[in-house]
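# just need the structure, nothing else, for what follows:
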Amino acid sequence: MSGSDVPVSVLTLVRGRADRLRHLLHGLARQTARPRELVIAWMQPEQAPDLPDPGCPVRHLHVPGEPMPLAAARNRAAEAATGDLLVFLDVDCIPSPTLVAAYADAARAERGLFLGEVLYLPPDAIAGSIDPATLDRLGRVHPARPPVPEAGLRREADAEQLWGLSFALPTAAWRAVGGMDETYVGYGGEETDLAARLAESGLPTFWVADARAYHQHHPVHVPPLQHFSAILANAARFHARHGRWCMTYWLDQFRAAGLIAWDETAPAIRLLRHPDADEIAAALRPDALFS
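This next block holds a predicted model:
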C-alpha cells in the first residue's frame, strides 16, 4: 500500500458504535493509497479499547456536549488535521479499498467539494467479513441519490446533495467558510448549511467514481420523530440564513402526520403538536435501510 501525493486526513466522529468503528479501521487498513492520518473525535469520555491498526497514524480528540455535538466535533477534527484534503467518513461507513485514492485523485484534478457513493447494507450483512465483493453484492443505493460516474468526476449542480456519510474537500476551502456552524444543535441541517455556504463561496461540487463506502445497518425512524424538535429548529435556522427550507422531505412527513402546518412557500413552521411516545415508537423500523 502506497501513500497518496495529496496528503489526506480521514476524519470520523464516534459515540458508542465501537464495532462499527473497528470495521471502518479494517477498511482503512486495506486502502490502495494510505492516508496521512485518521483523526477520531470522541463524543464520549473514554476511547474504545483494542482498536485495530488502520495502517496510518491515529489522532484522538475528546469533544464533549449534549446533544451530540456533531458540528463541533467535525470542526475540532478538522482543526487538528494536518492533511491538505479532508475526507469525512461516518463511523457507520466502511471505506472501499479505493476510497482514499479516488478522493485524492479528484483533488489532484479539481478544486471542489467531492461526494462519494454510499451503499446501504441490510441487517446482518457484516458476519465476520468485510470483503468488498460481498458488500458490493449486498449493498443498495439510496433511491434519492443520483448514480456516480463510471470513471473520474461528474459535476453536480446541487451542492446540497452533500450528506455527511462520505465527502471530501480541501482543508483550505473548509477553513475559508469557517467549517460547520455550531449553532445548529442536535440532528439535521448543519451539513446542508455547509454545502450552501461552500457553493456561495464558488466551490464546485463533483461526484467521484470509486470513492465507495458501505453503510452498516442500524434501525431508523421513518420519519425521524425522535429528532422532531431539533429538525424544526434547525430547518428554521437554515431558512433564516438562506431564504429557503432544507429537510423538506421530513417536514412533508411531519405535516402529513398532523404535527405541523407548513409548505415550501411558508415563512415559518407552525407547530400543531409534538409527537407522543407511541408515535415515536411506531416510527422505528428495524429493517428499513433508508430514513
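# contact partners for Val118?
For Val118, the contact set (Cβ atoms under 8 Å, 6 or more residues apart in numbering) comprises 93, 142, 145, 163, 165-166, 212-215. Bear in mind the C-beta positions are built from the backbone N, C-alpha and C, glycine included.
# list the helices and strands the helix or strand where Asp19 lies packs on?
Assigned by DSSP states H and E, Asp19 belongs to helix 18-29. Under the contact criterion of 3 or more Cβ pairs under 8 Å, 6 or more residues apart in numbering; DSSP states H and E, helix 18-29 touches strand 8-14, strand 37-42, strand 93-95.
# most packed of the ones you listed?
Most buried of these by mean neighbour count (mean count of other Cβ atoms under 10 Å) is strand 93-95; its value is a mean of 28.
# tell me the SS of the residue nearest the centre of the chain?
Centroid-nearest residue in the chain: Gly164, 1.7 Å away (criterion: Cα atoms, centre = their mean). When classified by DSSP: H, G, I helix; E, B strand; the rest coil, Gly164 comes out as coil.
# got a pLDDT number for it?
Note on Gly164: pLDDT of 92.
# got the contact list for it?
Taking Cβ under 8 Å, 6+ apart, one finds 70, 88, 90, 191 in contact with Gly164.
# make CSV from those and add secondary structure to it.
Output for these, formatted as CSV (three-state DSSP):
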residue, secondary structure
Leu70, helix
Phe88, strand
Asp90, coil
Glu191, helix
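# tell me which other helices or strands the longest helix anywhere in the chain touches.
When the chain is scanned for its longest helix (criterion: DSSP state H), the result is helix 228-242. Contacts defined by 3+ Cβ pairs under 8 Å, 6+ apart place helix 228-242 against helix 190-200, helix 248-256.
# as a whole number, average confidence for the longest one?
The reference is to helix 190-200. Averaging pLDDT along helix 190-200 yields 97.
# and Glu182, how many residues sit next to it?
By other Cβ atoms under 10 Å, the residues close to Glu182 number 16.
# just to revisit the earlier point, hey, which of the helices and strands packed on helix 228-242 is tucked in deepest?
Of the helices and strands packed on helix 228-242, helix 190-200 is the most buried (mean count of other Cβ under 10 Å), at a mean of 21.
# return the list of strands paired to the next helix or strand after it, each annotated with direction.
Counting by DSSP H and E, the next helix or strand C-terminal to helix 190-200 is strand 205-215. The pairing partners recorded for strand 205-215 under DSSP bridges are strand 93-95 (antiparallel), strand 113-120 (parallel), strand 153-156 (antiparallel).
# let's have those strands in TSV, adding distance to Tyr249.
Below are the strands paired with strand 205-215 laid out as TSV (distance: least, Cβ to Cβ, whole Å):
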stretch	distance to Tyr249
strand 93-95	21
strand 113-120	16
strand 153-156	18
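# now do the contacts for Leu194.
When contacts are counted by Cβ under 8 Å, 6+ apart, Leu194 touches 162, 177, 179-181.
# ok, the nearest residue to Asp210 once chain neighbours are set aside - contacts?
Spatial nearest neighbour of Asp210, excluding adjacent residues (Cβ to Cβ, 6 or more residues apart in numbering): Ala102 at 4.0 Å. Residues counted as contacts of Ala102 (Cβ under 8 Å, 6+ apart) are 116, 208-211.
# do that again at 7 Å, thanks
By Cβ atoms under 7 Å, 6 or more residues apart in numbering, the residues touching Ala102 are 208-211.
# same check on Tyr249?
Counting by Cβ under 7 Å, 6+ apart, Tyr249 makes contact with nothing.
# just the pLDDT at it, thanks.
At Tyr249, the predicted lDDT confidence score is 93.
# now mean pLDDT too, for the strands paired with strand 205-215, in JSON lines please.
Shown next, in JSON lines, are those (pLDDT from 0 to 100):
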{"stretch": "strand 93-95", "mean pLDDT": "97"}
{"stretch": "strand 113-120", "mean pLDDT": "97"}
{"stretch": "strand 153-156", "mean pLDDT": "98"}
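# ok, the nearest residue to Ala81 once chain neighbours are set aside to His23 distance?
Spatial nearest neighbour of Ala81, excluding adjacent residues (Cβ to Cβ, 6+ apart): Ser9 at 3.6 Å. Going from Ser9 to His23 by Cβ to Cβ, to the nearest Å gives 20 Å.
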